[in-house]
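[1] Quick one: sequence and predicted model below, then my questions.
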Amino acid sequence: MAKVTHNGVTQEVASGRTIFEAADELALQVATSCFRTGICHECVVEITEGMDALCPRTEAESFLKGDYRLACQAAIVEDDAAVTFSPLRRKPKILTTTVDRPSELEPRVLRQGNDVLLDGIVVDTFRGHVLGLAVDLGTTTVAMDLLDLETGKSLAVSSFENPQRFGGSDIMYRISYDRDYPGELPKSIVAAINAEIEASCDRLGVTRREIYEVVVAGNSTMRDLLFRQDVQSIGQRPYKSLVEQAFLDGERETTALDMSTRRLGLRANVKARAYGAPLIASHLGADAAADLVAVDMADASGVVMVVDVGTNTEVIVGNGTRMVAASCPAGPAFEGGTIRYGMPGYDGAIESVKIAADGSFECGTIGDVPPEGICGSGLIDLLAELRRSGRMTAKGVFENKAKEILVHSESGITFSREDASNLAQAKAANYCGQMMVMRHFGVGPDEIDRLYLAGGFANYVNVRNAIDIGFLAPVPEDRIVKVGNASLQGARELLLSMSKRTSLEELIRKIEHLELETSPDFFDLFVDGCQFNPMPAQMVS
């Protein structure tokens with residue numbers, strides 16, 4: 001018998017049984033729609049221990065690399081082995097809340113008597129509800145909101161980890177993966193969205209046939225993958241989507257996409273449409289555009305700055321008259337990638353750190369359970385506390401030139417010099433993006449009238465600590481507003497209002513796109529940004 005473990009629970013499983021069968025015995029639901037034949041590719045799991053105890057990959061698993069397997073294909077072939085696994089569709093602490101504000105009610109789909117109309121054309125007989133779905137499609141996480149299009153009311157909000165992670169942790173890896181294994185990434189995200197649609201409909205007692213439109217906000221790569229576009233051009237200079245290039249060449253009137261949900265494989269009404277919000281430029285995608293809707297950038301006065309922190313951080317500075325924007329490839333370090341004990345925001349992740357008077361670390365975890373690793377907000381706290389206490393220099397060198405620091409003795413969680421170096425480079429990307437966009441606009445941090453922090457990661461960060469290590473611009477804290485999942489809020493508003501779609505199209509035409517790496521002093525600024533020091537409060541010329 002082998003011992004198979006998931007989330008700390010262990011079950012003895014006979015040799016020859018698959019990981020899927022072990023999941024059954026652990027009462028764990030793993031996604032599948034092909035009756036475990038290896039065809040649907042939905043049951044991807046990460047094997048964190050005991051890969052050698054499993055059978056070789058089958059032909060159905062040829063698209064997988066590293067520690068990933070299909071649960072239905074991965075059979076245990078060694079007795080007395082220990083195998084630990086996790087399904088990719090886990091439930092991290094994903095931010096779905098937004099700033100509560102009224103929305104215009106001017107949807108694309110209307111009801112007239114017993115008829116349901118889309119774009120003024122009758123597409124169905126009223127079934128009891130007229131529903132729409134807003135989707136924030138992130139590289140790491142996905143959030144969805146099912147809305148009543150007749151009232152504008154949110155009915156069911158859900159979230160999950162993006163299962164495309166088996167194709168890499170950032171968009172460049174995903175682009176390469178899609179080149180080598182075309183179709184696998186779109187298939188996985190469509191299956192995940194469909195599973196959430198089904199679950200939400202079951203909870204509400206409605207049918208997916210009552211969903212008539214899906215609005216998607218995501219970065220250029222994530223959006224175009226879902227809409228089954230070739231994304232290879234986004235991965236090479238000038239880093240533009242084929243859709244954006246066609247728009248620039250005058251072959252399209254917009255960078256927005258509009259397709260049948262049936263063509264994409266999304267389970268909704270047979271006549272339903274999927275609308276991909278417009279792109280800004282290059283890696284500045286529909287998620288950043290949706291942010292602008294959520295913060296009413298078109299009506300902003302003074303100088304407003306939007307920072308949406310993630311694997312790819314977007315920075316926009318300006319107002320309704322002029323805007324400058326840039327995309328910063330921060331990478332996955334602050335979301336757990338490349339950090340030895342780093343992890344996303346699941347239960348057991350250390351999310352806050354403080355050094356006590358006796359020099360020990362006081363750690364708070366998500367779910368108030370024993371620590372398993374450190375998530376992004378905890379890493380920022382840790383860096384700030386190490387700097388504040390003098391136990392780490394600005395260049396990331398530890399006290400007494402130690403190679404690592406013990407953060408939590410009971411769990412053995414450490415923080416190494418290599419971890420600090422990886423975080424320094426990720427932080428430097430954010431540093432450069434914010435400083436260079438402000439400089440190009442002609443303002444310094446002290447001249448920003450309002451800084452909107454968007455996204456789940458930014459929502460949980462200690463702002464003071466983030467400023468102290470140079471992760472965020474030193475804007476006076478009373479001017480900083482956390483706006484929650486602005487991308488999802490923007491997608492909701494675009495779903496509910498056709499006029500907002502028109503306004504957004506006009507707004508993004510005003511944006512000046514700044515390519516950071518083309519600046520002659522980019523490397524110098526990046527080196528400065530690698531140090532854990534605050535940004536200058538005055539504009540750097």
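    Now that the structure is in, tell me what you want to look at.
[2] pLDDT at the spatially closest residue to Ala81 that is not a sequence neighbour, what is it?
    Leaving aside its chain neighbours, Ala81 sits nearest to Ala53 (3.4 Å; criterion: Cβ to Cβ, 6 or more residues apart in numbering). (C-beta placed from N, C-alpha, C; glycine too.) pLDDT for Ala53: 96.
[3] give me every residue that touches Ala53.
    2, 76-78, 81-83 (Cβ atoms under 8 Å, 6 or more residues apart in numbering).
[4] again, only this time at 7 Å
    2, 76-78, 81, 83 (Cβ atoms under 7 Å, 6 or more residues apart in numbering).
[5] tally of neighbours for the nearest residue to Pro107 once chain neighbours are set aside?
    Closest residue to Pro107 apart from its sequence neighbours, by Cβ to Cβ, 6+ apart: Leu149 at 4.4 Å. As a burial measure, Leu149 scores 23 neighbours (other Cβ atoms under 10 Å).
[6] Could you verify my assumption that Leu149 touches Arg108?
    No: applying Cβ atoms under 7 Å, one finds Leu149 not in contact with Arg108, separated by 8.3 Å.
[7] Arg439 and Glu447, how far apart?
    Noted for Arg439: a distance of 11 Å to Glu447, by Cβ to Cβ, to the nearest Å.
[8] between those two, which one's more packed in?
    Arg439 (19 against 16).
[9] and the longest helix for the chain?
    helix 417-441 (DSSP state H).
[10] Tell me which strands the following helix or strand past that helix pairs with, and in which orientation.
    Following helix 417-441 in sequence order, the next helix or strand is strand 450-454 (DSSP states H and E). Strand pairing for strand 450-454, using DSSP bridges, gives strand 304-308 (parallel), strand 480-482 (parallel).
[11] looking at the ones you listed, which is buried most?
    strand 304-308 (a mean of 25; mean count of other Cβ atoms under 10 Å).
[12] Just the angle for it relative to helix 417-441, thanks.
    150 degrees (axes from the mean of the first three to the mean of the last three Cα atoms, to 10 degrees).
[13] what's the distance between the residue nearest to Pro107 and Arg174?
    32 Å.
[14] quick one: low-confidence parts of the stretch 1-150 of the chain?
    33, 89-103 (pLDDT under 70).
[15] same for the longest helix of the chain, what does it pack against?
    Helix 417-441 is packed against strand 313-318, strand 323-328, helix 522-529, with contacts defined by 3 or more Cβ pairs under 7 Å, 6 or more residues apart in numbering; DSSP states H and E.
[16] if we go to 8 Å?
    strand 304-308, strand 313-318, strand 323-328, helix 376-389, helix 522-529 (3 or more Cβ pairs under 8 Å, 6 or more residues apart in numbering; DSSP states H and E).
[17] For stretch 152-165, list the C-alpha coordinates in PDB.
    What follows is stretch 152-165, C-alpha atoms only, in PDB (Å, rounded to 0.1, in the frame of the first residue of the first chain):
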ATOM      1  CA  GLY A 152     -28.000  44.900 -12.400                       C
ATOM      2  CA  LYS A 153     -27.800  42.800  -9.200                       C
ATOM      3  CA  SER A 154     -24.900  40.400  -8.600                       C
ATOM      4  CA  LEU A 155     -26.200  36.900  -8.000                       C
ATOM      5  CA  ALA A 156     -23.100  34.700  -7.600                       C
ATOM      6  CA  VAL A 157     -19.500  35.600  -7.300                       C
ATOM      7  CA  SER A 158     -16.900  32.900  -7.600                       C
ATOM      8  CA  SER A 159     -13.100  32.500  -8.000                       C
ATOM      9  CA  PHE A 160     -10.400  29.900  -8.600                       C
ATOM     10  CA  GLU A 161      -6.800  29.500  -9.500                       C
ATOM     11  CA  ASN A 162      -6.100  29.700 -13.200                       C
ATOM     12  CA  PRO A 163      -5.600  26.100 -14.300                       C
ATOM     13  CA  GLN A 164      -3.300  27.200 -17.100                       C
ATOM     14  CA  ARG A 165      -0.500  27.200 -14.600                       C
END
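[18] State the distance from the residue nearest the centre of the chain to Phe126.
    Taking Cα atoms, centre = their mean, the centroid of the chain lies closest to Gly138, which sits 3.2 Å from it. Gly138 sits 34 Å away from Phe126, taking Cβ to Cβ as the criterion.
[19] Please apply the same query to Phe457.
    With Cβ to Cβ as the criterion, Phe457 and Phe126 are 41 Å apart.
[20] Looking at the two, which has the bigger crowd around it?
    The neighbour count for Phe457 versus Phe126, taken as other Cβ under 10 Å, is higher for Phe457 (25 against 13).
[21] quick one, what contacts that one?
    Contacts of Phe457 (Cβ under 8 Å, 6+ apart): 309-310, 334-335, 376-377.
[22] what stretches of the stretch 301-450 of the chain score poorly on pLDDT?
    Those would be none, if you go by pLDDT under 70 across the stretch 301-450 of the chain.
[23] So what's the residue count around the nearest residue to Ser282 once chain neighbours are set aside?
    Excluding its sequence neighbours, the residue lying closest to Ser282 (Cβ to Cβ, 6+ apart) is Tyr239, at 4.3 Å. Residues lying near Tyr239 (other Cβ under 10 Å) number 19.
[24] so what's Leu516 scoring on pLDDT?
    At Leu516, pLDDT is 88.
[25] So what's the residue count around it?
    Leu516, neighbours per other Cβ under 10 Å, totals 20.
[26] Redo the contacts of Ala53 as CSV? Include secondary structure, distance to Leu133 and neighbour count.
    Putting the contacts of Ala53 into CSV (DSSP: H, G, I helix; E, B strand; the rest coil; distance: Cβ to Cβ, whole Å; neighbours: other Cβ atoms under 10 Å) gives the following:
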residue, secondary structure, distance to Leu133, neighbour count
Ala2, strand, 41, 22
Ile76, strand, 39, 24
Val77, coil, 42, 14
Glu78, coil, 45, 14
Ala81, coil, 43, 18
Val83, strand, 37, 24
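[27] Most widely separated two among these?
    Maximum pairwise distance among the contacts of Ala53 (Cβ to Cβ): 10.6 Å, between Val77 and Val83.
[28] Arg263: helix or strand, and which one exactly?
    Counting by DSSP H and E, Arg263 is part of helix 261-264.
[29] Please report how far the residue of the chain most remote from its centre lies from Ala134.
    In terms of distance from the mean C-alpha position of the chain, Gly113 ranks first, at 40.1 Å (Cα atoms, centre = their mean). Look at Gly113 and Ala134: by Cβ to Cβ, they are 27 Å apart.
[30] go on, Leu382?
    35 Å.
[31] Next up, the contacts around Ile175.
    221, 231-232, 234-235.
[32] Distance check, it against Ala256.
    21 Å.
[33] so Phe20, which of the three states?
    Three-state assignment for Phe20 (DSSP: H, G, I helix; E, B strand; the rest coil): helix.
[34] In CSV, list the helices and strands packed on helix 417-441 along with distance to Leu266.
    Converted to CSV, those look like this (distance: least, Cβ to Cβ, whole Å):
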stretch, distance to Leu266
strand 304-308, 25
strand 313-318, 26
strand 323-328, 27
helix 376-389, 30
helix 522-529, 40
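[35] residues shared between the contacts of Val77 and Val83?
    53-54.
[36] Domain-wise, how is this structure divided?
    For the chain, automatic domain parsing gives the domain ranges 2-87, 109-282, 289-331+423-529, 335-417.
[37] quick one: Phe160 and Val142 touch, right?
    Yes: with contact defined as Cβ atoms under 8 Å, Phe160 reaches Val142; the gap is 5.6 Å.
[38] and these two? which has more neighbours close in?
    Val142 (25 against 20).
[39] Tell me the secondary structure at the more buried one.
    strand.
[40] who does it bridge with?
    Leu137, Phe160.
[41] tell me the contacts of it?
    94, 135-136, 159-162, 189, 192-193, 196.
[42] pLDDT check: weakest of these?
    Lowest pLDDT among the contacts of Val142: Ile94, with 49.
[43] still on that earlier bit, and the contacts of Phe457, which are buried?
    By neighbour count, with 16 or more other Cβ atoms under 10 Å, the contacts of Phe457 hold 309-310, 334-335, 376-377 as buried.
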